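**Student:** Provide a 3D model corresponding to the input given below.
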Amino acid sequence: MAPAFTLAACAEMLWRDKPIAWRAAKLHEMGFGVGLWNWPEWDLDALEKTGANFTIMNGYLEGRLCDEQGADMLLRSARETAQIGKRLGVDRLNLHGTGLGDGGLPIPHHGTFAPGMEMRARDTLNRICDLAEQEGVIFSLENLNPLDHPGCPFGSTQAVLSLVYAINRPQLKINLDLYHTQIGEGDLIRWCEACLPWIGEVQVADNPGRFEPGTGEINYPAIARALSDMGYSGPVAMEAFAKGNEDAALEAFRAAFTL
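**Tutor:** A predicted model of the protein is given here:
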């Protein structure tokens with residue numbers, strides 16, 4: 001049997017004592033696409049030489065969705081990052097509601113949801129789509145969980161779906177991270193169904209611990225069957241740490257999403 005999906009893994013979270021290009025080459029050798037985070041410290045020449053399929057990377061270095069200054073920062077940063085994404089052939093450039101600092105804490109922290117924030121976020125995302133159309137790239141908006149990323153605006157699965165649904169442009173997809181959905185909302189299969197028309201990538205890790213499938217409470221083989229039954233055949237990426245051996249963790253992930 002073969003995997004029913006295009007499988008990838010986040011190079012940033014595996015073999016963390018190795019150079020990023022070594023990790024990308026290893027994943028490519030094992031038949032996985034490669035996910036990346038921020039690019040300024042990478043050896044881009046070495047990454048290019050790996051021949052890997054880079055499925056996703058962060059699409060900005062700074063900026064925010066819901067205020068004018070933050071939106072201008074985001075657009076400048078996203079335009080610069082789009083050039084790196086095109087150089088590496090990255091499939092999707094990933095966004096969050098605001099910048100993330102040390103430990104994933106949002107910059108700035110939003111304790112309350114102020115009136116007008118959603119309308120400003122929609123305006124910013126439409127500007128992002130205009131940029132994406134000009135540059136020939138695709139952006140995605142990722143959901144986050146409130147425990148690891150407290151105070152991040154538009155972090156919930158519901159908020160991300162609401163924004164992407166409202167924009168409804170082909171340049172903006174959902175990066176549906178089921179690890180975050182499990183912590184924030186649960187009910188994973190129905191969230192997959194709700195987000196399905198806009199999903200650009202599904203990301204997975206088990207909970208608790210953010211390790212590979214099979215180490216926690218989430219029934220990923222059942223989710224794989226449900227995704228296939230609803231007609232999803234796109235990328236599924238393991239954005240997780242290995243609980244033990246990285247090769248074994250990746251094979252457990254592959255097995256969970258092989259039907």
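
**Student:** Let me see the ranges of the helices in the stretch 101-250 of the chain.
**Tutor:** 117-135, 157-167, 178-184, 188-195, 220-229, 246-256 (DSSP state H, counting those that start in this stretch).

**Student:** Ok, which of the ones you listed comes nearest residue 35?
**Tutor:** For those, proximity to residue 35 was assessed by Cβ to Cβ; helix 246-256 is nearest, at 12.4 Å. C-beta coordinates here come from the backbone N, C-alpha and C atoms, glycine included.

**Student:** Counting neighbours, which bits of the closest one end up buried?
**Tutor:** Neighbour counts over helix 246-256 (16 or more other Cβ atoms under 10 Å) mark 246, 249, 250, 252, 253, 254, 256 as buried.

**Student:** Let me have those residues in JSON lines, extended by distance to residue 204 and pLDDT.
**Tutor:** Shown next, in JSON lines, are the buried residues of helix 246-256 (distance: Cβ to Cβ, whole Å; pLDDT from 0 to 100):
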{"residue": "246", "distance to residue 204": "16", "pLDDT": "98"}
{"residue": "249", "distance to residue 204": "12", "pLDDT": "98"}
{"residue": "250", "distance to residue 204": "12", "pLDDT": "98"}
{"residue": "252", "distance to residue 204": "11", "pLDDT": "98"}
{"residue": "253", "distance to residue 204": "7", "pLDDT": "98"}
{"residue": "254", "distance to residue 204": "12", "pLDDT": "98"}
{"residue": "256", "distance to residue 204": "8", "pLDDT": "97"}
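
**Student:** May I see those arranged in TSV, with distance to residue 136 as well?
**Tutor:** Putting the buried residues of helix 246-256 into TSV (distance: Cβ to Cβ, whole Å) gives the following:
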residue	distance to residue 136
246	34
249	34
250	31
252	36
253	31
254	31
256	34
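
**Student:** Pick out the most distant pair among the residues you listed.
**Tutor:** 246 and 256 (15.7 Å).
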